[in-house]
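[1] From the sequence below, what's the structure:
(2 chains)
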Amino acid sequence: GEDVEQSLFLSVREGDSSVINCTYTDSSSTYLYWYKQEPGAGLQLLTYIFSNMDMKQDQRLTVLLNKKDKHLSLRIADTQTGDSAIYFCAESSGQGGKLIFGQGTELSVKP
Amino acid sequence: DAGITQSPRHKVTETGTPVTLRCHQTENHRYMYWYRQDPGHGLRLIHYSYGVKDTDKGEVSDGYSVSRSKTEDFLLTLESATSSQTSVYFCAINREIGETQYFGPGTRLLVL
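    The predicted model follows:
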């Protein structure tokens, strides 16, 4: 069945780059998403990539997609303490447009 | 932000009582979704709607029912709440499949 996997924790120093990785199983996914969740808050869409792309850049964010390996990554350049949050990878499913989420990666940024 | 509100934002209830959560949107989007968020599981789909009176089950639908009598409102009902339904519930909306899904602020439900 459909499944999305992420590592649970990542700790970086302020100013470093962060790379959050995700693997998925549904090769028919048309879009893949990255959402950010701050403590006690809802999910905020960070960026997304269409399945026929292999890279997308948006200011400090770079998304890389390897369709052959079903691997998605999110790179945050110059990571700041305000980037500390949980980051969710999600793939879209053809069934009603539902999203399949990974477990979330908790990013901790140390000053 | 997409115009999505959820009510109540917090609720404490007892096992066996009925609970209804409301999701309201002002965007006139066709698709609406209910997810629950639990530690170690990310978000999992409970039910979704693809139009007024058109709903379908998600992966964790047991113990939940939904209704959508008008475009702007999508209700999630726990007929008889259990402690395993303690969770944070998120509503999401989508104009069309393949477009971005926007999430509401969430409802924290505690079933004692």
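[2] Strands of the chain, residue ranges please.
    Looking at chain A here, since you left the chain open. Chain-ordered strands for chain A, with DSSP state E as the definition, fall at A:4-6, A:9-13, A:18-24, A:31-37, A:43-50, A:55-58, A:61-66, A:71-76, A:85-92, A:99-101, A:105-110.
[3] Sorry, I should have been clearer: chain B.
    Along chain B, counting by DSSP E, strands occupy B:4-7, B:10-13, B:19-25, B:31-38, B:42-51, B:54-57, B:64-70, B:73-78, B:87-94, B:102-103, B:107-111.
[4] Could you list the residues in contact with the fourth one?
    Strand B:31-38 is touched from outside by A:96-99, A:101, B:21, B:23, B:25, B:43-50, B:58, B:60, B:64, B:66, B:68, B:74, B:76, B:85, B:87-97, B:101, B:106, with contacts defined as C-beta atoms under 8 Å, 6 or more residues apart in numbering or on different chains. C-betas here are computed from N, CA, C, even on glycine.
[5] Let's see that with 7 Å instead.
    Residues from elsewhere that reach strand B:31-38 (C-beta atoms under 7 Å, 6 or more residues apart in numbering or on different chains): A:96-98, B:23, B:25, B:43-50, B:60, B:66, B:68, B:74, B:76, B:87-94.
[6] same check, this time on the longest one
    Residues from elsewhere that reach strand B:42-51, judged by C-beta under 7 Å, 6+ apart: A:88, A:96, A:98, A:101-104, B:30-37, B:55-61, B:64, B:66, B:68, B:74, B:76, B:90.
[7] Could you rerun that using 8 Å?
    Counting contacts by C-beta under 8 Å, 6+ apart, the residues touching strand B:42-51 from outside are A:4, A:43, A:88, A:90, A:96-99, A:101-104, B:30-38, B:55-61, B:64-66, B:68, B:74, B:76, B:89-90.
[8] Next, the contact list for the closest residue to A:L99 other than its chain neighbours, please.
    The shortest distance from A:L99 to any non-neighbouring residue, by C-beta to C-beta, 6 or more residues apart in numbering or on different chains, is to A:A90 (4.3 Å). Under the criterion of C-beta under 8 Å, 6+ apart, the contact list for A:A90 reads A:4, A:32-35, A:99-102, B:43.
[9] same deal with B:R108?
    Contact analysis of B:R108 by C-beta under 8 Å, 6+ apart lists B:9-11, B:88.
[10] about what we covered before: any chance of the strands of chain B in JSON lines with mean pLDDT as columns?
    Putting the strands of chain B into JSON lines (pLDDT from 0 to 100) gives the following:
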{"stretch": "strand B:4-7", "mean pLDDT": "96"}
{"stretch": "strand B:10-13", "mean pLDDT": "97"}
{"stretch": "strand B:19-25", "mean pLDDT": "97"}
{"stretch": "strand B:31-38", "mean pLDDT": "95"}
{"stretch": "strand B:42-51", "mean pLDDT": "93"}
{"stretch": "strand B:54-57", "mean pLDDT": "95"}
{"stretch": "strand B:64-70", "mean pLDDT": "97"}
{"stretch": "strand B:73-78", "mean pLDDT": "98"}
{"stretch": "strand B:87-94", "mean pLDDT": "95"}
{"stretch": "strand B:102-103", "mean pLDDT": "92"}
{"stretch": "strand B:107-111", "mean pLDDT": "97"}
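[11] In CSV, list the contacts of A:A90 along with distance to A:D16 and neighbour count.
    Rendered in CSV, the data for these read as follows (distance: C-beta to C-beta, whole Å; neighbours: other C-beta atoms under 10 Å in any protein chain shown):
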residue, distance to A:D16, neighbour count
A:V4, 25, 23
A:L32, 24, 26
A:Y33, 24, 22
A:W34, 19, 23
A:Y35, 22, 25
A:L99, 29, 27
A:I100, 30, 23
A:F101, 26, 23
A:G102, 22, 27
B:L43, 28, 26
